[in-house]
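Asks: please work out how this folds:
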Amino acid sequence: MAQIPEIEPAELKARRDRGENPNVLDVREPEEVAIAPFPGATHIPMGEVPARSGELDRAAEWIVVCHHGVRSAQVAIYLTRAGFARVVNLSGGIDAWSADADPATPRY
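Replies: Numbering: from 1, shown residues only. Here you go, the predicted model:
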């Protein structure tokens, strides 16, 4: 399997706190997003990514997120192979985001 760069939740939070606005692609199912939304993320469930990847800017950086980082890593590999220039996986997913960067985000 291809190696995809990862970003730690604290690093992503620091970037956002500095006023950067990285593109976040949330590949969780709608029920999961309803429980713990990721503010400002583009939501495309994992199974829809192949059909909807044309909605995304291929030249932009994309940080892909799911619940624990497994599905998002698979989507990151797919996007990289599909020609996206800069794709990064959020290490540990929204669960780690809640634990390490934003405790206000519900855990499930």
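
Asks: what segments of the protein are strands?
Replies: 6-7, 23-26, 42-43, 61-65, 86-90 (DSSP state E).

Asks: please identify the most buried of those.
Replies: The highest mean neighbour count among the strands of the chain, using mean count of other CB atoms under 10 Å, belongs to strand 61-65: a mean of 25. Bear in mind the C-beta positions are built from the backbone N, C-alpha and C, glycine included.

Asks: contacts for that one next, please.
Replies: 7, 12, 22-28, 38, 41, 56, 72-73, 75-76, 79, 84-90, 93-94, 97 (CB atoms under 8 Å, 6 or more residues apart in numbering).

Asks: swap in stretch 27-36?
Replies: Identification of contacts with stretch 27-36 by CB under 8 Å, 6+ apart yields 26, 43-46, 49, 64-67, 71-72, 75, 94, 98, 105-108.

Asks: just put the strands of the chain in CSV and tack on distance to Glu32 and mean pLDDT.
Replies: Formatted as CSV, the strands of the chain follow (distance: least, CB to CB, whole Å; pLDDT from 0 to 100):
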stretch, distance to Glu32, mean pLDDT
strand 6-7, 20, 97
strand 23-26, 9, 98
strand 42-43, 10, 98
strand 61-65, 11, 98
strand 86-90, 14, 97
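
Asks: any chance of those in CSV, plus distance to Val33?
Replies: Shown next, in CSV, are those (distance: least, CB to CB, whole Å):
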stretch, distance to Val33
strand 6-7, 20
strand 23-26, 6
strand 42-43, 6
strand 61-65, 10
strand 86-90, 14
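
Asks: can you tell me, leaving aside adjacent residues, what's nearest to Gly83?
Replies: Arg58 (5.8 Å; CB to CB, 6 or more residues apart in numbering).

Asks: what does Arg16 give?
Replies: Pro22 (7.4 Å).

Asks: who's Glu61 bridged to?
Replies: Per DSSP bridges, the residues bridged to Glu61 are Arg86.

Asks: i'd like the first residue to be 35 from this point on
Replies: New numbering, starting at 35: the last item is Glu95.
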